[in-house]
Structure formats: C-alpha cells, structure tokens
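In: got a predicted model here, sequence first, then my questions.
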Amino acid sequence: GQGIEFDYCCVHAALAMREDGYETIMVNCNPETVSTDFDTSDRLYFEPITVEDVLSITEIEKPLGVIVQYGGQTPLKIAQELEANGVPILGTSPDSIDLAEDRGRFQEFVNKHKLKQPPNGIASSVEEAMKVSEEVGFPLVVRPSYVLGGRAMEVVYKKSDLENYLIEAVQASAKSPVLLDGFLNQAIEMDVEAVCDGKDVVIGGILQHIEQAGIHSGDSACSLPPYSLSDKLIHEITKMVKKISLEINAIGLINVQLAYYQNELYLLEVNPRASRTIPFVSKCIGKSLAKVGALCMAGISLKDQNFNSEITPQYYSVKEAVFPFNKFLGVDPILGPEMKSTGEAMGHGPNFGTAYLKAMKGGNKKIPTKGTVFLSISNEFKVEIVDLANRLKKLGFKLIATKGTASHLRASEIDSEVIWRISDKKSPDILSIMREGNVNLIVNLPTGKRAATDGAQMRRLAVELGIPFITTITGAKAAIQSLEEGENDYLMPINKL
C-alpha cells in the first residue's frame, strides 16, 4: 500500500477473502500500515514489491490467485511480468490494466467507443510535443504514463515552459510517452467509483470536486452526493461509467474521472484499480466497496453478494484535503495537478453547507463568520466576483481589494477599500495589513504561470499567520454557500482567529 487509502483496501480484501474461506497472504514492505499487522492476514511477507521478490513468494506459496489492483501503482507496474511468469492474476487482467494506463492504447480505446476527451496528443520526444502543442493549443496539462499522485503532472502555458518540463521533469520515450491534454479551464470535475463483476456494474458513488479540473483529485475537496449537478447529467455519467467498465472488462474496482465543460461531458482518466476515494465512498454509503470488489475477483457475482444498485445516502458528505504547508517554510501553497496533500478530513450534514463546514473544521481550515475579506482576482473571474462580493456583503463582511478588483466592484456599486499589491511598493500593502491582524479571509484567484507565482508571498504569509485563504473560484463559491446555509455550530467565531 502506497498510502492509507490503499492500505484500507488491502486490509478489507484480506478480511473479505478470509470470511469466504480463503487463506490470505499479504506482501508489503511498509511497516506503517495495518496490512502488515500480525492478525490482518494468515501470512505476511515483509518484502519489496518487485518482480523477483514476488515470484520467489509465489514459487513457495503457489497461490490460487494474486490481487494487484489494491496496492496503488507499484503492483500494477509488475502485473504483466508476473502473468508472463505464470502467476494467476485475479480480477481485471494485466492487459486491461495496461489498456487504461498506457496513454497510446487508451487513446485508441476512446476513439473506438466515440467517447469525448479534451483535445490531446501523445509525444515521445520534445520535437513531437512541440508539434502536438501547435495542434492542441495552450494551456496544456502534461501527464506522464504510469504515475500515482499526479507526480510530474503540470499545466504549461507556453512553448518554453513545455520544453523545460520535458527536459527537466520527465524523460519522454516511446516506452513511456507523455499525454498532452488541452486544459479545460474552470470545468467541473467528477470522480466515479464503481464495482464490476464482468457482467454487472454498480456505481459506488459519484463525487463532485469542489475545486475545478486541473487540481489533483487528492487535493480537491469533494461532495457525495454531487451538490450542483442535474439529474440528467448524473444519469449520463452513470451510463458512461457502466459502458466503460464493461468494455474494458473490469473485474473488481474501477475509478473513472470526468469533467463537465461547456455543457459537454469529457472523459479524463480510467483507473481499473482501487483509488484514493474508496474508503471515503465506503464510509458515505455504509458498504465496503473494497470487500465487494475482492469477492468479485474471487468469482462471486454482485447479484450473489446482493449488491445490485447504487446506495444514495440521505445526507451530504464532504471530503477535505489536509496539507503540510505549515511544515515547509517558503513553499507556495497553490494547488495544481501534482498532489500535495498528506491527509483528509470528512464532514457529514443534512445539507452541503453544514457538511462542508464540518470537513473544513476537521482539516483545520475554519471559515470566519465576520471580519475583513481581501479580494485579489484575475480578469478571468471579474464576472463571478460581483455576485460573490455581494453575498459576502450580505453576510456582514468588510471588503478590501487590489486596485483593479476594487475598481471593478465599484462599477457594480460594491464598496471596497483599496489595498496596494506587494509589487506596487506602496504602503499599506497586503502583507502589512495581514501582519497587523486586519485580514480574516483571503480570496486570491490567480491564473497563468506568472499570476500563480505573483501572490506566493501573500499565500505563504497566510499559512504562517493562520489566515484562511481560498485560491479557486469554485472553492470561494462553496465557502460562501456554506456560510449561508451551514449550521452555526460549525462556523468559526472571530475571536478564535
């Protein structure tokens, strides 16, 4: 297990198989896991997850089958070699896993089934990448093959950035090409968890991300059930995921990532394995998807398990990421496609707002109920900020803003006090206001590579001073909605700032 979420899945698989009468053998070299506890499995091999080590174990144990889809990316990488050496892989075949993981094969799958994807291309060299960038256009999301946690993924805004990325961050080759996706700016992203037995598919849960597409799913807060998607769109999502699961011949768990952009549904990724949100979804619906998936791999159908339809909870659950930014001085806490979170918190409530406030409180990101909000908005969000500013005013907040944002608000008859930017080199600037304790919430919405670095000093100081800050438009909307509809017990009193 490469994280506690995958450790959870491994433990639940071992429990499910043992309950069904199987002897379970765990292979894991991570001592900080429950799967390496003495009573989780019948036998534990505390060995590295390499082809040589696993083959040595299978030679001794001669297992009925091996589960590779619950331990993150490492076991998936060796699945084909294990199968070639005669090891029986349970569940989704290594070939189907490779179909989803290999960028070239996945592109062919998408085209064959006429699924909609962001404009994209595949490159095995810097020259090919430059050609693709001309066809697709900037900005681009660049994704290497076979990675976990969005490692080395990046949004690039111009050719020089792309060239530097390919040279410094990743070695592109025919064996490990990179995918260049057109960036769907401000799209709504969804994670869908499902379980498939080869014949039937049951949706475990549809998670709507609060942060927009382009923020790694592990770093984005998310809501189950979705808090702003129409029934028609949810039906379309369900139909697409079921079709993909059967076409890819998934047996066990499958994760599908989608984006909703300009009234169109786009397929971003298919992961025929356990994902990071399986424990969260399982807790939301009261059913262990990891157990259900493991039994499917053992040949027990969904019908035989009496798991025939999606469970829709009668309450909202929100997952919020927890970040270690206060431990790393000088690091800009801006979010992007590479995962930075080290934990998560969960909140339940009768409505989205209350669940979101609970999750924020659990993740140590309490939202103030009154005080002063600093607004620094790029031109892209000037339309949305008028509505958000009005709602903040109605909630009783005082607004301060950069000169450009304040001018835009004034044109819509919204009062705000002008505060100088750091680069203006005039007083008082936002850093001095923050140090004086006169800012209670920061809404800083940058776009583009340059804009993302301009506010780094302010965001860094906010971490050090413990001032709540928001860096996405969707995060700002969710926070304001939570203040409007959340139960007061979960709001942050001003005197606790």
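Out: Perfect, I can see it now. Only a predicted model underlies this, so the values are computations on that prediction, with no experimental measurement involved.
In: C-alpha from now on. contacts and neighbour counts both.
Out: Noted.
In: okay, and residue 233 sits in which element?
Out: Per DSSP states H and E: residue 233 is located in helix 231-247.
In: make that residue 479, sorry
Out: helix 473-485.
In: list the contacts of that helix.
Out: Outside helix 473-485, the residues that touch it by Cα atoms under 8 Å, 6 or more residues apart in numbering are 210-212, 351-354, 356-357, 367, 369, 381, 388, 391-392, 395, 443, 445, 470, 491.
In: and the spatially most central residue of the chain, what element?
Out: The C-alpha lying nearest the average C-alpha coordinate of the chain belongs to residue 217 (Cα atoms, centre = their mean; 0.6 Å). Per DSSP H and E: residue 217 is located in neither a helix nor a strand.
In: ok so, going back, which residues touch the helix or strand following the helix holding residue 233?
Out: Next along the chain after helix 231-247, taking DSSP H and E as the criterion, comes strand 251-261. Identification of contacts with strand 251-261 by Cα under 8 Å, 6+ apart yields 69, 91-92, 184, 186-198, 213, 241, 245, 265-275, 289-290, 292-297.
In: how about stretch 21-39: buried residues?
Out: 24, 25, 26, 27, 28, 29, 30, 33, 34, 35, 36 (16 or more other Cα atoms under 10 Å).
In: again, but for stretch 235-247
Out: Of the residues in stretch 235-247, those buried (16+ other Cα under 10 Å) are 237, 238, 240, 241, 242, 244, 245, 246.
In: pLDDT score for residue 69?
Out: On the pLDDT scale, residue 69 is placed at 93.
In: from residue 126, how far off is it?
Out: Distance, residue 69 to residue 126, by Cα to Cα, to the nearest Å: 33 Å.
In: neighbour count winner among these two?
Out: residue 69 (31 against 18; other Cα atoms under 10 Å).
In: how about the strands in the stretch 201-350 of the chain?
Out: For the stretch 201-350 of the chain, the strands defined by DSSP state E, counting those that start in this stretch occupy 201-209, 222-224, 251-261, 264-271, 316-322, 343-349.
In: which one of those strands lies closest to residue 103?
Out: Closest to residue 103 of the strands of the stretch 201-350 of the chain, according to Cα to Cα: strand 264-271, at 9.7 Å.
In: how about residue 270, what does it touch?
Out: 100, 101, 254, 255, 256, 257.
In: please disregard the earlier target; I meant residue 400.
Out: Counting by Cα under 8 Å, 6+ apart, the residues that residue 400 touches are 372, 373, 374, 375, 406, 416, 417, 418, 419.
In: contacts only, for the spatially closest residue to the first one that is not a sequence neighbour.
Out: Okay, so that is residue 372. In space, residue 372 comes closest to residue 398 once its chain neighbours are excluded; the distance is 4.7 Å by Cα to Cα, 6 or more residues apart in numbering. Counting by Cα under 8 Å, 6+ apart, residue 398 makes contact with 371, 372, 373, 416.
In: from these, pick the one nearest residue 78.
Out: The closest of the contacts of residue 398, once distances to residue 78 are taken by Cα to Cα, is residue 373, at 50.8 Å.
In: which element is encountered next along the chain beyond the worst-scoring helix or strand of the chain on mean pLDDT?
Out: Ranked by mean pLDDT, DSSP states H and E, the helix or strand of the chain with the weakest confidence is helix 448-454, at a mean of 51. The element immediately downstream of helix 448-454 (helix or strand, assigned by DSSP H and E) is helix 456-465.
In: if you count neighbours, what's buried in that next one?
Out: Quick answer for helix 456-465 (16+ other Cα under 10 Å): 456, 458, 459, 460, 461, 462, 463.
In: do a quick rundown of the strands in the stretch 351-497 of the chain.
Out: With DSSP E, counting those that start in this stretch as the criterion, the stretch 351-497 of the chain has strands spanning 372-377, 398-401, 417-418, 441-445, 469-470.
In: partners of the fourth one, with directions?
Out: Sheet neighbours of strand 441-445, with direction, are listed as strand 372-377 (parallel), strand 469-470 (parallel) (DSSP bridges).
In: in this protein, which ranges drop under the pLDDT threshold?
Out: Applying pLDDT under 70 to the chain picks out residues 1-2, 145-152, 168-176, 447-454, 487-497.
In: how about a cut-off of 50?
Out: 149-150, 173-174, 450-452, 490-497 (pLDDT under 50).
In: what bridges to residue 252?
Out: What pairs with residue 252, by the bridge criterion (DSSP bridges), is residue 196.
In: count of neighbours near it?
Out: 32.
In: from residue 94, how far out is it?
Out: Taking Cα to Cα, one finds residue 252 at 13 Å from residue 94.
In: just the helices in the stretch 301-450 of the chain please.
Out: Using DSSP state H, counting those that start in this stretch, the helices of the stretch 301-450 of the chain run over 352-362, 382-394, 403-411, 430-435, 448-454.
In: report how many residues lie close to residue 255.
Out: Using other Cα under 10 Å: residue 255 sits among 23 other residues.
In: ok so, going back, out of the buried residues of stretch 21-39, name the ones that lie in strands.
Out: 25, 26, 27 (DSSP state E).
In: between the buried residues of stretch 235-247, which sits nearest residue 423?
Out: residue 237 (45.4 Å).
In: spit out the contact partners of the closest one.
Out: residue 265.
In: rerun that using 6 Å as the cut-off
Out: The contact partners of residue 237, taken as Cα atoms under 6 Å, 6 or more residues apart in numbering, number zero.
In: again, but for residue 181
Out: 119, 120, 140, 141.
In: tell me where the stretch 51-200 of the chain has helices.
Out: Going by DSSP H, counting those that start in this stretch, the stretch 51-200 of the chain shows helices at 51-61, 73-84, 94-101, 103-112, 126-136, 159-168.
In: could I get those helices as TSV with distance to residue 438?
Out: Below are the helices of the stretch 51-200 of the chain laid out as TSV (distance: least, Cα to Cα, whole Å):
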stretch	distance to residue 438
helix 51-61	58
helix 73-84	46
helix 94-101	49
helix 103-112	49
helix 126-136	45
helix 159-168	37
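In: the ones you listed: which one's closest to residue 304?
Out: helix 94-101 (24.5 Å).
In: buried sites along that closest one?
Out: Quick answer for helix 94-101 (16+ other Cα under 10 Å): 94, 96, 97, 98, 99, 100, 101.
In: what's around residue 343, how many residues?
Out: 16.
In: likewise for residue 375?
Out: 23.
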